[in-house]
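**Q** Below are the sequence and a predicted model for it; my questions follow.
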Amino acid sequence: MTYWVYENIPLRRTRVHLGSCSFCRDGRGIHGGGKRPSGAWYGPFDTVQEAERLAASRKRLDNQKCPECLPISEEEATEQEATIGAAESLRLQSVMADLLCLCRTCEPSLFKLRQIRVPT
């Protein structure tokens, strides 16, 4: 049994797959494999832990196992929700900061709004 990692560059995420998965097909994927502008396959790996280490090294916020070929336990699901929730919170803080800066430009009296913090 082998494991592969797919890095989706536009979506900024990785997925760990079994080699036999219909989305993986031993690193050929659904578009023929190799490195493309949309992503790249890495592998094969002998253990899921090796594949997960490679996925984590790609420094994407969304690193998961393929839900089709490697369903996750409840504990892993809770951990993933927390990770994704933290990433979403950071994104929201960034968007709010951008909006508040625009308000300052448009209406100087709204500059006080910049003091508002998004709860984490």
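**A** Received, thanks.

**Q** Listing request: residues of this protein with sub-threshold pLDDT.
**A** By pLDDT under 70, the weakly predicted segments of the chain are 74, 76-77, 80-81, 83-120.

**Q** Would you map the strands across it?
**A** Secondary structure of the chain by DSSP state E: the strands cover 3-8, 13-18, 39-45, 62-65.

**Q** what's the nearest residue to Pro44 if we skip its chain neighbours?
**A** Once flanking residues are discounted, Pro44 sits nearest to Thr2: 3.8 Å by C-beta to C-beta, 6 or more residues apart in numbering. The C-beta positions use only the backbone N, C-alpha and C, and glycine is treated the same way.

**Q** show me what contacts that neighbour?
**A** With contact set as C-beta atoms under 8 Å, 6 or more residues apart in numbering, Thr2 has these partners: Leu18, Gly19, Asp26, Gly43, Pro44, Phe45, Asp46.

**Q** give me that answer again for 7 Å
**A** Counting by C-beta atoms under 7 Å, 6 or more residues apart in numbering, Thr2 touches Gly19, Asp26, Gly43, Pro44, Phe45, Asp46.

**Q** And for Val48?
**A** Counting by C-beta under 7 Å, 6+ apart, Val48 makes contact with Tyr3, Val16.

**Q** roughly how far apart are it and Ile30?
**A** Distance from Val48 to Ile30, counting by C-beta to C-beta, to the nearest Å: 21 Å.

**Q** How about Thr47?
**A** 24 Å.

**Q** will you turn the contacts of Thr2 into a markdown table that also has distance to Pro67?
**A** Shown next, in a markdown table, are the contacts of Thr2 (distance: C-beta to C-beta, whole Å):
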| residue | distance to Pro67 |
| --- | --- |
| Gly19 | 17 |
| Asp26 | 19 |
| Gly43 | 18 |
| Pro44 | 20 |
| Phe45 | 19 |
| Asp46 | 22 |
